[in-house]
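> From the sequence below, what's the structure:
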Amino acid sequence: MNDLAAFAALLAPEGQTLLAALRDYDPARELAVASRLRRDHPAELVSAALGQARLRQRAVAKFGAEDAYRMYFTPNGVEQSTRAAVGSHRAARLGELGVRSVADLCSGIGGDALALARAGISVLAVDRDPLTAEVARANAAALGLTELIEVRCADVTEIDTSPYDAVFVDPARRGGRGRIFDPEAYSPPLSWAVEAARKAPRAALKIAPGIPHETVPDEAEAEWISDGGDVKEAVLWFGTEPGARRATLLPSGASLTGRGLPDPAVRPVGRYLYEPDGAVIRAHLVAEVAEELDGGLIDETIAYVTADTLTPTPYASAYEITDVLPFHLKRLKALLREREVGTLTVKKRGSAVEPEEIRRRVRPKGPNAATVLLTRVAGAPTMLIGHPAGAAARP
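Next up, the predicted model:
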């Protein structure tokens, strides 16, 4: 049974019965489960159902349980698909721009197409892999969105996008050897995607968040997006604000746009230390946050902002600093023992020392908690000791 036939079997009644039975199965007991199911079902169908059940469990983190257990996936599809919260943010923005139809090129299993359709936007979802296209079609049906999503198995370079209000391109950034870092090695290459974007009234290109700023086209807006504090992706927008740099934080939706500020001045460590969100750092907007906080940098190469006052901000996590000490492991161990610190959070930026090594060496013990930030202050290896300042925590 080839992949397409195996997937078609999963959509048939017997396959659906198996998938329903495997919804909450324990992967640790897979051998026993497989042996039991093969008494009543074909072995190939059982294998396909178990594989799909595993993928659904992995997909819960991106799509939520309600959708993930109704959807279908491929291994690459789970790995490369857009997190639902990010897809919803992008679809909402396209809707606000007046977009009512999108050519979704390199649509994969349809994660973005689903988000666009749920925003009321009609979608042409294109992928050149026959199995992936079938999975996208099944997902549109499973979520009741077939009226808004047309799935086409084709080479994206042959698609006429002129009938659509916008183009969305999500080039494949993984190959047989893992993640691809060169944008011209994407499939299709970033240069092709940029040209496709230039031909459309509006466009959004999903790219890796590590893209160098100097490679962003002059006419594009670049947006870096984090979800729950983790940077998930960057998007090049065409037809919006040329040259703009933006950081958007989900789930709050807080969005910071660059104003071209110079780098903040370096100053001594104050009472509070702010750790900007990763999207802010990737977007090179630390200066905008520092201005908001009336703060400065602790080191010209480190993205930590320090200030004397506590200012609530969605763009950074705040810590109240109690000690600023030169890096010295024995001194840290003695101080933590003296303060009876048993719950120790270790963070680092600009330090070669690994947090796991610190925890192993100091062996914290006691009823109290503390945070140690390993970094550099004015070029010198430093330990900053404190605790989260709750009033300024990210909402």
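> can you pull the contacts of residue 47?
residue 34 (Cβ atoms under 8 Å, 6 or more residues apart in numbering). Any C-beta I mention is one placed from the backbone N, CA and C, and that applies to glycine too.
> Tell me which residues of the helix or strand it falls within come out buried.
Residue 47 belongs to helix 43-63 when assigned by DSSP states H and E. Going by neighbour count (16 or more other Cβ atoms under 10 Å), the buried part of helix 43-63 is 45-46, 48-50, 52-57, 59, 62-63.
> Let's have those residues in TSV, adding pLDDT and distance to residue 125.
Converted to TSV, the buried residues of helix 43-63 look like this (pLDDT from 0 to 100; distance: Cβ to Cβ, whole Å):
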residue	pLDDT	distance to residue 125
45	92	27
46	90	30
48	93	23
49	94	25
50	93	27
52	95	20
53	95	25
54	94	24
55	96	19
56	96	20
57	95	24
59	96	18
62	94	17
63	96	16
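> ok so, going back, report the next helix or strand after the helix holding residue 47 in sequence order.
helix 65-68.
> so for that following helix, what's the average pLDDT?
With pLDDT averaged residue by residue, helix 65-68 scores 95.
> Give me the contacts around it.
Contacts of helix 65-68 (Cβ under 8 Å, 6+ apart): 56-57, 59-60, 62, 84, 114, 143.
> change it to 6 Å
56, 59-60 (Cβ atoms under 6 Å, 6 or more residues apart in numbering).
> Return the member of those residues nearest to residue 201.
residue 59 (32.8 Å; Cβ to Cβ).
> which residues touch that closest one?
68, 73, 78.
> Pull out the buried positions in stretch 252-259.
254-256, 258.
> Give me the mean pLDDT for that stretch.
96.
> rewinding a little: could the buried residues of stretch 252-259 be laid out in JSON lines, adding distance to residue 241 and secondary structure?
Shown next, in JSON lines, are the buried residues of stretch 252-259 (distance: Cβ to Cβ, whole Å; DSSP: H, G, I helix; E, B strand; the rest coil):
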{"residue": "254", "distance to residue 241": "17", "secondary structure": "strand"}
{"residue": "255", "distance to residue 241": "12", "secondary structure": "strand"}
{"residue": "256", "distance to residue 241": "13", "secondary structure": "strand"}
{"residue": "258", "distance to residue 241": "10", "secondary structure": "coil"}
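> Kindly state the pLDDT recorded for the nearest residue in space to residue 296 that is not next to it in sequence?
Of all residues beyond its chain neighbours, the one nearest residue 296 is residue 267 (3.7 Å), with distances taken as Cβ to Cβ, 6 or more residues apart in numbering. pLDDT, residue 267: 95.
> before we move on, back to that, between the buried residues of helix 43-63, which is closest to residue 379?
The nearest one, if we look at these relative to residue 379 and count by Cβ to Cβ, is residue 62, at 40.8 Å.
> these two touch, right, that closest one and residue 82?
No: applying Cβ atoms under 6 Å, one finds residue 62 not in contact with residue 82, separated by 7.7 Å.
> one step back: count the neighbours of the residue nearest to residue 296 for me.
16 (other Cβ atoms under 10 Å).
> Equivalent analysis for residue 155, please.
11.
> Report pLDDT for the nearest residue to it once chain neighbours are set aside.
Leaving aside its sequence neighbours, residue 155 sits nearest to residue 128 (Cβ to Cβ, 6+ apart; 5.1 Å). Listed pLDDT for residue 128 reads 93.
> Please report the distance of residue 128 from residue 159.
10 Å (Cβ to Cβ, to the nearest Å).
> Ok, residue 149 next?
Residue 149 is 15 Å from residue 159, by Cβ to Cβ.
> Also residue 83?
On the measure of Cβ to Cβ, residue 83 and residue 159 end up 25 Å apart.
> more neighbours, the two?
Per other Cβ under 10 Å, whichever of residue 83 and residue 159 has more neighbours is residue 83, with 21 against 16.
> tell me the contacts of the more buried one?
Contacts of residue 83 (Cβ under 6 Å, 6+ apart): 62, 227, 232.
> okay if I get those residues as JSON lines plus distance to residue 92?
As requested, the contacts of residue 83 are exported to JSON lines (distance: Cβ to Cβ, whole Å):
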{"residue": "62", "distance to residue 92": "18"}
{"residue": "227", "distance to residue 92": "14"}
{"residue": "232", "distance to residue 92": "16"}
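> and which of those residues is nearest residue 183?
Comparing the contacts of residue 83 against residue 183 with Cβ to Cβ places residue 232 closest, at 17.3 Å.
> isn't residue 38 right up against residue 49?
No: with contact defined as Cβ under 6 Å, residue 38 does not count as touching residue 49 (10.8 Å).
> State the mean pLDDT of stretch 218-225.
Mean pLDDT, stretch 218-225: 96.
> buried set for it?
So, applying 16+ other Cβ under 10 Å, buried residues of stretch 218-225: 220-225.
> Between which two of the residues you listed is the distance greatest?
220 and 225 (15.1 Å).
> And the residue lying closest to residue 33 once chain neighbours are set aside, how close does it get to residue 342?
Of all residues not flanking residue 33 in the chain, residue 25 sits nearest, at 5.5 Å (Cβ to Cβ, 6+ apart). Separation of residue 25 from residue 342 (Cβ to Cβ): 37 Å.
> Comparing those two, which residue is more hemmed in?
Neighbours were counted for residue 25 and for residue 342 using other Cβ under 10 Å; residue 25 has more, 18 against 14.
> now the strands for the stretch 251-395 of the chain?
All strands of the stretch 251-395 of the chain, identified by DSSP state E, counting those that start in this stretch, fall at 254-257, 272-276, 296-297, 305-307, 316-326, 341-348, 368-377, 380-388.
> shaky segments in the protein?
For the chain, residues meeting the criterion pLDDT under 70 lie at 1, 173-181, 185, 390-395.
> Which parts of it are helices?
3-11, 13-21, 30-37, 43-63, 65-68, 75-80, 84-96, 111-118, 130-142, 190-198, 278-282, 286-293, 329-338, 355-362 (DSSP state H).
> what comes up buried for the second one?
Taking 16+ other Cβ under 10 Å as the neighbour-count basis, helix 13-21 is seen to contain the buried residues 15, 18-19.
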